[in-house]
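Enquirer: Sharing a model that was predicted from the sequence below.
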Amino acid sequence: MSKKYIKTAMGTWEVVIGLEVHTQIKTNSKLFSGASTTFAGDPNSQVSFVDTAMPGMLPVPNKVCIEQTVKTGLALNSSINLVSVFDRKNYFYPDLPQGYQISQLYHPIVGPGHLEIDIDDTVKKIGIERIHIEQDAGKSVHDVMPNSSLIDLNRSGIGLMEIVTKPDMRSAEEAMEFIRKLRLLLWYLGTSDANMEEGSLRADVNISLHRPGTPLGTRAEIKNVNSIRFIGQAIEYEIKRQLELLEEGEEVVQETRLFDAGKGVTRSMRSKEDAQDYRYFPDPDLLPVILDEEFVQSIKESLPELPDQKKKRFMEDYGLSKYDASVMISDIKTPAYFEEAVKKAGEKEGTPKLIANWVTTELFSLLREKNLEINQSKISAVALAELINLIQDGTISGRIAKEVFLDMWNTGKPAKTIVDEKGLVQISDTSELEQFAEKVIQENPDVVKQYKAGKDKLLGFFVGQMMKLTGGKANPKIVNEILVKKLSD
Amino acid sequence: MTDLTRLDYASVRKGLTSKAFTVKELIQAYINNIDKTRHLNCFITEMSEHALKQASEADERIRNNEARPLEGLPLAIKDNFCTKGILTTNGSKMLSNFIPPYDSTITQKLSDAGAIGLGKTNLDEFAMGSSTITSYYDPTVNPWKKEGSDRDLTPGGSSGGSAASVAARSSLIALGTDTGGSIRQPASFCGIVGLKPTYGLCSRYGIVAFASSLDQAGPLTRTVRDSAIVLNQMAGHDSKDFTSVKYPLPDYEAALTGNIKGLKVGIPTEYRMEGLDSEISEWWEKTSQWLSDQGAEIIDVSLPHTKYALPVYYIVAPAEASSNLARYDGVRYGYRAPNTTSLEEIYELSRTQGFGDEVKRRILLGTYVLSSGKYEDYYLRAQKVRQKVTEDFTETFKKVDVLLTPTTASTAFELGENVTDPLAMYLQDLFTVATNLAGIPAISVPVAQSKEGLPIGMQLIGPRFGEETLLRTADVIEKTAGFKLKEEF
C-alpha cells in the first residue's frame, strides 16, 4: 500500500486520477451520415451534406454505432440504459460545421460498470462512470497557407465512445495499465481500433492530489493525450507540478491543460472562468434512443471471449503460468497463433508451455527485430508446432532447434526438412554417446580428479566438451546421465 | 377562353385529362399573373423558363397517357425549401447567395408527382415572423385591401409570399412551413386554405430548420380538396428524417365525404379571450352553428393550459433556433463579411451583417434560455408545460373529434403595424402555437369577409393523424360558407 502514496518531508499525499477516454467506434460510416470513416482519405473526400451542416440536413443515427457501444458497455460490466438521449453541445469552431456537437450529456447509453486491471500482482477494479456516444470534430490545419487556415472535415461526424472512469486510479502506472487493458478489450470486442497513432483513441486525464483521508483536491484536466507513454509522462509531470504548488502553500487552479510531448510538460490552456457555456439541450432532430431487453441480451450473447476469460482458460487448460498467459493474450493476434500451434502440436504435457516460451522469446525477439506483427511472421503457427514436436520427440535438442528456427525464418522450409538436410538429428544412441564420454574423460584427467574431489559443478564442463564433439547434436539428457554414471565409477 | 388560373387543381386535373387545355397554356397563364402581380412581391426567385420547359414535358406525358398525380400543378415553393440548383435564400441576406446542391424531400416528391415549380416565395427571415416584414427581400403585400382603402396590408407570415401568391392566382398551390402558425395565419389573412399536418407526417429533410421540434411542411390552397390532393403526395415516412413517422397513409381526398353526422366538435372556452375581434367571434358562433345544422354535436371543452402555450413557444422555438442557426457562420457557404482579418471577425461580422433584427432577437432569446443557470428555469420548465399543453389536447380528444377555433384574433393588419412592438407581433400566434407544441394537425379555412372586406378564417384542430376528419369537416365548412376570392386584385 505504501507504494500508493507519495511521501515527502512534508508528509503523505495521495494522487487521484480519472480518465475520459475518447475512442472511435468501429463502423464503416459516420455516426449520423453515410460518409465513410476510412483513415487518411484526401482532405474533405469523406464528407456528406450532413457533415458540412448544409441547410436542412438532418442527422440519422447509425445503428451499428449504438450496437458497438452497448457491446463495449456490456464487456465493461456496465448497466445499459434502455432509454438514452442525444444532446447538443453548442460552441463555435470552424471544424464544427453545425455549431454544435451531438453528444449525450443527461442520459448516456451506458451507465456504471468496472474494468479489472492487474497492478503490483493484485487485481484492482477501476470504476466506469458512463459511456456516451458523440460526434468527432473535423481538423483545422494552420500551417499550410501563410494567411489562412484550412479545414478538413473527414473526421467531422465520426462516431466516438467517451468512456468516463471514476477517480479510482492512484498512479501513472495504474492509468497506463487501465488504458492498455481497455485497448485490449476494445480490440477483442472489435468495437474500436483504438489506434492511438491514428487518433482513434485519446484521453483526457483528470488529476488531483490530497492528503489521504481528506476531501479530494482541486483537479486539473489534461486534454487529448494520445499515447500511453504520454499519459504516463503527463501524469508524472502533473504530480510534480501540483505537489510543488501544494507544498509551497499555493493552490492548484481548476483548469484545462495541454501536454507538450516535445518538452514533456503540461501547460495551461484555459481556466474554469474561461470555460464555455455549452448550452446543452436535447437534440430536437433526434428522438430518444430506445432499446429493448432482447436487443441487449442478443448482444450479450454475441460477446466474444474477453482477455480475462482467455487468460484464465490458458492457465487452466494449458497450464501456462500467469505471466505466460498474460503475454499470450496481450494482443488479438497472439492468442490465435498460440492456440493454432498448440492444436497442431497436440496437447502433450508441457507442449503449450513450451510453445508459449518459444513465442515469447525466439519469435517475439525476431518479430521485434524485423518490426513485424505476429500475423506477418515468416514462421507460421503450424511450422512452429512442427519444430516443437521435433524437440519433444527428442529428434533435436533445444539448442539445435534455435538454429533450425532461424533457418526456417530465412528459408521458409519446414523444420523437418532443415533437420534432415543439415543432419541435425540429435544423437540419442547411448553406446555412441558413451564412446564420446570415454574420450572426454580420458582427455581430461585433471578435471576428472577435481570433479571426483567434490567439484560437482564441473559436470557442465564435460557436457560442454561432449557437445563440442557432437556438434551440439548430443541429447543433453542422456549425456548427463552417462557422464554422471561414468564419472562416479 | 376561360381564365385557367381560376380553376382549382381538381378542375385542372379534369381539364388536362380531357385535353380541354394544355399544361403549357396553364403555366403560361400563371406566368402572366406573376407578371401582373409582381408589385405584391410574392416571389424572391421566379422560375418561369424552367416551368415552361417542364410544362412541355408534362404535355408529352399527358399525350402518352402517363400523367402523374399532380401533373402540371402550378406550384409556388416557400423559399425555405431547398431546391437543387435554384437559389434558396430563406428570406435572409445570410443565404442570399445559396444554391443548394440537393432537393428537399417534399419538393422532390411533388416534382416526381408532376408538380411544376413557378418560383420561390417570400417569407419572414428564417420563417421568424407573422408578416413577411422581417424578410431581407422586402415585405409581401396582401392582395386584399380594406374596402375603400388603398393601404397595403400584410399577408401574414411567415409563409406570406406563398399565401398571397395563391390568393392572387400567381400560383395554384403553394408550399409553406408552420412552426407556430406560419401556414394558417397567412392562409387566414389571404382567404385561402392552409393545412399544418401532424408533426412527423411530412419529411423535414431539406427544409431550412427554424425550430426542429415544431417545424412542419404543409400546403396552402384555394380549396380543401386541393389540400387533400397535395397532402396525398407530401405525406409519408422518410428515412432521411429521424423524426418522420411510419404511418399507414389513407387517401385524404377520399375523406371528403361531406358527411359529418355525429361528429363531436369541441369549442375550447379558453379561446374566447380578450382581444378577440367581435366580428371574428360572431363568425366562430356561426360556423359552429353550420356544423351543428349538419348533424355535428357541439361540445364546450376546456384546455386549461392554453394561456401558457405562447410563452412556452417563445422559449422552445428560440432555443432550438439559436442552435439551428449556429451553422450560418460564414465559413462554408452563405454570406461572409468582406475584409475580415480573423476567425472571430468572420463569425461576428458575417452574422451581424447576415442576419436581420428579428433573427438576432430570437437567437439572443434562445441563447439566454439555454444558458447555464437559466436552462432549468426556462427551457426545462417550458418543456414540462409543453407536456401539459399536449395532455390537455390528449384528454380533450377523448371527448371530441375536432376542435373549432378562430385562426387569428384579428384580420390582416397594415404593413408597418406592430413592427416596433415584437410582443404585439408575437400575439399573432396566440391561437395557432399550441398545436405545434402538441405536434397535432390543424387547418385554417376561410368562412367570410369582414365588414371591412377582409377574409376571416376558422381553425380546426385534430388529434395526431386526424387529418382526414379535419379535411372532411373543413370541406363541409367551405361548402356552407361559400367564400369567394375577389375577382380582381
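Expert: Right, received. Where do you want to start? Numbers count the residues shown, from 1 in each chain, chains lettered A, B, ... in the order given.
Enquirer: From now on I want contacts and neighbour counts done on CA atoms only, so please keep to that.
Expert: Noted.
Enquirer: Summarise which helices and strands the helix ranked longest in chain A is packed against.
Expert: Counting by DSSP state H, the longest helix found in chain A is helix A:228-247. In terms of contacts (3 or more Cα pairs under 8 Å, 6 or more residues apart in numbering or on different chains; DSSP states H and E), helix A:228-247 is packed against helix A:172-189, strand A:201-210, strand A:265-271.
Enquirer: try it again with 7 Å
Expert: With contacts taken as 3 or more Cα pairs under 7 Å, 6 or more residues apart in numbering or on different chains; DSSP states H and E, helix A:228-247 sits against helix A:172-189, strand A:265-271.
Enquirer: Could you tell me the model confidence score at residue A:487?
Expert: Residue A:487 is assigned 84 on the pLDDT scale.
Enquirer: before we move on, what about residue B:429?
Expert: Value for residue B:429, per-residue pLDDT: 86.
Enquirer: so how far is chain A from it?
Expert: 21 Å (Cα to the nearest Cα, to the nearest Å).
Enquirer: wait, that residue sits on residue B:180?
Expert: Yes: the pair residue B:429 / residue B:180 is scored as a contact, 6.2 Å apart, by Cα atoms under 7 Å.
Enquirer: So for those two, which sits in the more crowded spot?
Expert: residue B:180 (33 against 24; other Cα atoms under 10 Å in any protein chain shown).
Enquirer: residues near residue A:364, how many?
Expert: Residue A:364 has 18 nearby residues by other Cα under 10 Å.
Enquirer: List the buried residues in stretch A:397-413.
Expert: A:397-398, A:400-401, A:404-409 (16 or more other Cα atoms under 10 Å in any protein chain shown).
Enquirer: Which one of the residues you listed is nearest to chain B?
Expert: residue A:409 (54.5 Å; Cα to the nearest Cα).
Enquirer: Could I get the contacting residues of that closest one?
Expert: A:378-379 (Cα atoms under 7 Å, 6 or more residues apart in numbering or on different chains).
Enquirer: Secondary structure element for it, which one?
Expert: Under the criterion of DSSP states H and E, residue A:409 resides in helix A:398-411.
Enquirer: That helix: how far from the chain's middle?
Expert: Relative to its chain's centre, helix A:398-411 lies at 29 Å (Cα atoms, centre = their mean, to the nearest Å).
Enquirer: Report the mean per-residue pLDDT for it.
Expert: Here the average pLDDT along helix A:398-411 is 92.
Enquirer: same thing with stretch A:29-44?
Expert: For stretch A:29-44, the per-residue pLDDT averages 90.
Enquirer: Name the residues of the stretch 151-300 of chain B found near chain A, please.
Expert: B:205-209, B:212-213, B:240-243 (Cα under 7 Å from any Cα of the partner chain).
Enquirer: Could you save those as JSON lines and add columns showing neighbour count, pLDDT and distance to residue A:208?
Expert: Below are those laid out as JSON lines (neighbours: other Cα atoms under 10 Å in any protein chain shown; pLDDT from 0 to 100; distance: Cα to Cα, whole Å):
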{"residue": "B:205", "neighbour count": "25", "pLDDT": "98", "distance to residue A:208": "47"}
{"residue": "B:206", "neighbour count": "26", "pLDDT": "98", "distance to residue A:208": "48"}
{"residue": "B:207", "neighbour count": "27", "pLDDT": "98", "distance to residue A:208": "49"}
{"residue": "B:208", "neighbour count": "27", "pLDDT": "98", "distance to residue A:208": "46"}
{"residue": "B:209", "neighbour count": "28", "pLDDT": "98", "distance to residue A:208": "44"}
{"residue": "B:212", "neighbour count": "22", "pLDDT": "98", "distance to residue A:208": "42"}
{"residue": "B:213", "neighbour count": "23", "pLDDT": "98", "distance to residue A:208": "42"}
{"residue": "B:240", "neighbour count": "18", "pLDDT": "97", "distance to residue A:208": "46"}
{"residue": "B:241", "neighbour count": "21", "pLDDT": "98", "distance to residue A:208": "45"}
{"residue": "B:242", "neighbour count": "19", "pLDDT": "96", "distance to residue A:208": "42"}
{"residue": "B:243", "neighbour count": "25", "pLDDT": "97", "distance to residue A:208": "44"}
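Enquirer: tilt between the longest helix of chain A and strand A:201-210?
Expert: 20 degrees (axes from the mean of the first three to the mean of the last three Cα atoms, to 10 degrees).
Enquirer: average pLDDT for helix A:228-247?
Expert: 95.
Enquirer: Flag every buried residue along the helix or strand following that helix.
Expert: Heading C-terminal from helix A:228-247, the first helix or strand you meet, by DSSP H and E, is strand A:255-260. For strand A:255-260, the neighbour count (16+ other Cα under 10 Å) marks A:255-259 as buried.
Enquirer: C-alpha coordinates for strand A:255-260, CSV please?
Expert: What follows is strand A:255-260, C-alpha atoms only, in CSV (Å, rounded to 0.1, in the frame of the first residue of the first chain):
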residue,chain,number,x,y,z
GLU,A,255,-8.2,24.4,-15.3
THR,A,256,-7.7,22.6,-18.6
ARG,A,257,-4.1,21.9,-19.6
LEU,A,258,-2.4,20.6,-22.6
PHE,A,259,0.5,18.1,-22.7
ASP,A,260,3.5,19.3,-24.7
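Enquirer: Walking through the stretch 151-300 of chain B, point out its helices one by one.
Expert: Using DSSP state H, counting those that start in this stretch, the helices of the stretch 151-300 of chain B run over B:160-167, B:184-190, B:224-234, B:278-293.
Enquirer: Tell me which of these approaches residue A:135 most closely.
Expert: Between residue A:135 and the helices of the stretch 151-300 of chain B, the shortest gap by Cα to Cα is with helix B:224-234, which sits at 31.7 Å.
Enquirer: Now tabulate the helices of the stretch 151-300 of chain B in TSV and tack on mean neighbour count.
Expert: Formatted as TSV, the helices of the stretch 151-300 of chain B follow (neighbours: other Cα atoms under 10 Å in any protein chain shown):
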stretch	mean neighbour count
helix B:160-167	35
helix B:184-190	35
helix B:224-234	23
helix B:278-293	17
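Enquirer: okay, those in TSV with distance to residue A:150 next?
Expert: Putting the helices of the stretch 151-300 of chain B into TSV (distance: least, Cα to Cα, whole Å) gives the following:
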stretch	distance to residue A:150
helix B:160-167	39
helix B:184-190	44
helix B:224-234	40
helix B:278-293	59
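Enquirer: For these, give me TSV that also has mean pLDDT and distance to residue A:445.
Expert: As requested, the helices of the stretch 151-300 of chain B are arranged in TSV below (pLDDT from 0 to 100; distance: least, Cα to Cα, whole Å):
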stretch	mean pLDDT	distance to residue A:445
helix B:160-167	98	117
helix B:184-190	98	118
helix B:224-234	98	108
helix B:278-293	97	130
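Enquirer: Residue numbers of chain A in contact with chain B?
Expert: Checking chain A against chain B by Cα under 7 Å from any Cα, the hits are A:53, A:55-58, A:60, A:90, A:94, A:97-99, A:277, A:279, A:284-287.
Enquirer: Filter those residues down to the buried ones.
Expert: So, by 16+ other Cα under 10 Å, the buried ones in those are A:53, A:55-58, A:60, A:90, A:94, A:97-99, A:279, A:284-287.
Enquirer: Mind picking the two most distant members of the residues you listed?
Expert: Of all pairs in those, the most separated under Cα to Cα is A:94 and A:287 at 26.9 Å.
Enquirer: Counting only strands, which of the buried ones among the residues of chain A next to chain B make the cut?
Expert: Using DSSP state E, the subset of those located in strands is residue A:90.
Enquirer: Show me which of the buried ones among the residues of chain A next to chain B is closest to residue A:486.
Expert: Relative to residue A:486, and with distances defined as Cα to Cα, the nearest of these is residue A:60, at 83.7 Å.
Enquirer: Pull the contacting residues for the closest residue to the closest one other than its chain neighbours.
Expert: In space, and not counting its chain neighbours, residue A:60 is closest to residue A:32: 4.8 Å by Cα to Cα, 6 or more residues apart in numbering or on different chains. The contact partners of residue A:32, by Cα under 7 Å, 6+ apart, come to A:59-62, A:157.
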